[in-house]
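Engineer: the following block contains a protein sequence and its predicted model.
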Amino acid sequence: MKQNCWDYLKCDRQPGGSKVSEFGVCPASTDSTSTGSNSGQMAGRMCWATAGTICGGKIQGTAAEKNMSCLSCDFYQKVKGEEGANFKFMK
(Lines give C-alpha, C1' and ligand atoms only; values in the text may rest on other atoms or scores of the structure.)
Protein backbone atom coordinates (compact mmCIF):
# COMPACT_ATOMS: atom_id res chain seq x y z
CA MET A 1 0.00 0.00 0.00
CA LYS A 2 1.29 3.45 -0.88
CA GLN A 3 1.98 5.79 2.02
CA ASN A 4 0.28 9.12 2.61
CA CYS A 5 2.39 12.07 3.77
CA TRP A 6 1.32 11.83 7.43
CA ASP A 7 2.52 8.21 7.55
CA TYR A 8 5.77 8.81 5.71
CA LEU A 9 6.69 12.06 7.49
CA LYS A 10 5.28 11.00 10.87
CA CYS A 11 3.86 14.47 11.51
CA ASP A 12 0.90 13.10 13.54
CA ARG A 13 -1.44 15.88 12.40
CA GLN A 14 -4.04 13.56 10.86
CA PRO A 15 -7.37 13.31 12.75
CA GLY A 16 -6.61 11.60 16.05
CA GLY A 17 -2.86 12.23 15.71
CA SER A 18 -0.71 13.10 18.72
CA LYS A 19 0.23 16.60 17.49
CA VAL A 20 -3.26 17.81 16.59
CA SER A 21 -3.62 19.67 19.90
CA GLU A 22 -0.32 21.49 19.27
CA PHE A 23 -0.50 22.23 15.52
CA GLY A 24 -4.10 21.43 14.52
CA VAL A 25 -5.37 18.93 11.98
CA CYS A 26 -3.37 19.04 8.75
CA PRO A 27 -5.40 20.18 5.75
CA ALA A 28 -3.86 17.41 3.65
CA SER A 29 -5.52 14.82 5.89
CA THR A 30 -9.00 16.31 5.43
CA ASP A 31 -8.98 17.62 1.83
CA SER A 32 -11.46 15.26 0.19
CA THR A 33 -11.17 17.04 -3.17
CA SER A 34 -7.84 15.28 -3.69
CA THR A 35 -8.90 11.76 -2.67
CA GLY A 36 -7.41 9.30 -5.10
CA SER A 37 -4.89 11.76 -6.53
CA ASN A 38 -1.54 10.00 -6.84
CA SER A 39 -3.23 6.94 -5.25
CA GLY A 40 -3.67 8.67 -1.89
CA GLN A 41 -6.26 9.30 0.79
CA MET A 42 -7.51 12.88 0.94
CA ALA A 43 -4.50 15.02 -0.12
CA GLY A 44 -2.07 12.59 1.49
CA ARG A 45 -0.12 12.17 -1.74
CA MET A 46 -0.56 15.74 -2.92
CA CYS A 47 0.46 17.65 0.22
CA TRP A 48 2.70 20.01 -1.79
CA ALA A 49 -0.44 21.44 -3.42
CA THR A 50 -2.19 21.97 -0.06
CA ALA A 51 -1.74 25.11 2.05
CA GLY A 52 -1.05 24.78 5.78
CA THR A 53 0.89 21.52 5.83
CA ILE A 54 3.85 21.21 8.20
CA CYS A 55 7.48 20.87 7.21
CA GLY A 56 10.57 21.19 9.34
CA GLY A 57 8.41 21.67 12.44
CA LYS A 58 6.68 24.75 11.01
CA ILE A 59 3.29 25.22 9.42
CA GLN A 60 3.81 26.23 5.80
CA GLY A 61 1.94 28.83 3.75
CA THR A 62 0.15 28.58 0.43
CA ALA A 63 1.03 26.00 -2.18
CA ALA A 64 2.73 28.72 -4.24
CA GLU A 65 4.81 29.91 -1.26
CA LYS A 66 6.09 26.44 -0.38
CA ASN A 67 6.40 25.08 -3.90
CA MET A 68 10.19 25.23 -4.23
CA SER A 69 10.89 23.54 -0.89
CA CYS A 70 8.40 20.78 -1.68
CA LEU A 71 10.09 19.93 -4.97
CA SER A 72 13.18 18.80 -3.07
CA CYS A 73 11.22 16.89 -0.41
CA ASP A 74 11.95 13.16 -0.15
CA PHE A 75 8.24 12.35 0.04
CA TYR A 76 7.46 14.39 -3.10
CA GLN A 77 10.24 12.56 -4.96
CA LYS A 78 8.95 9.19 -3.68
CA VAL A 79 5.38 9.88 -4.90
CA LYS A 80 6.62 11.18 -8.24
CA GLY A 81 8.70 8.05 -8.74
CA GLU A 82 5.93 5.67 -7.67
CA GLU A 83 3.29 7.30 -9.87
CA GLY A 84 5.47 7.74 -12.95
CA ALA A 85 3.43 8.91 -15.96
CA ASN A 86 0.27 9.10 -13.79
CA PHE A 87 1.81 11.66 -11.40
CA LYS A 88 -0.37 14.71 -10.69
CA PHE A 89 1.37 17.88 -9.57
CA MET A 90 -1.70 20.04 -8.89
CA LYS A 91 -5.30 19.38 -7.92
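Structural biologist: Yes, it's here. Numbering: from 1, shown residues only.
Engineer: how about the helices in this protein?
Structural biologist: 5-9, 20-23, 63-71, 74-83 (DSSP state H).
Engineer: please enumerate residues in contact with the last one?
Structural biologist: By CB atoms under 8 Å, 6 or more residues apart in numbering, the residues outside helix 74-83 that reach it are 2-3, 5, 8-9, 38-40, 45-48, 70, 87. In this view, the C-beta of every residue, glycine as well, is placed from N, C-alpha and C.
Engineer: low-confidence bits of the protein, can you list those?
Structural biologist: Judged by pLDDT under 70, the chain has no weakly predicted residues.
Engineer: and the residue most central in space within it, what does it touch?
Structural biologist: The centroid of the chain falls nearest to residue 47 when counting by CA atoms, centre = their mean (2.4 Å). Listed by CB under 8 Å, 6+ apart, the contact set of residue 47 reads 5, 26, 28, 53, 70, 75.
Engineer: which single one of those residues is nearest to residue 17?
Structural biologist: Residue 17 lies nearest to residue 26 out of the contacts of residue 47, by CB to CB, at 8.0 Å.
Engineer: now the closest one, nearest residue through space, not along the chain?
Structural biologist: Closest residue in space to residue 26, ignoring its immediate chain neighbours: residue 13 at 3.7 Å, by CB to CB, 6 or more residues apart in numbering.
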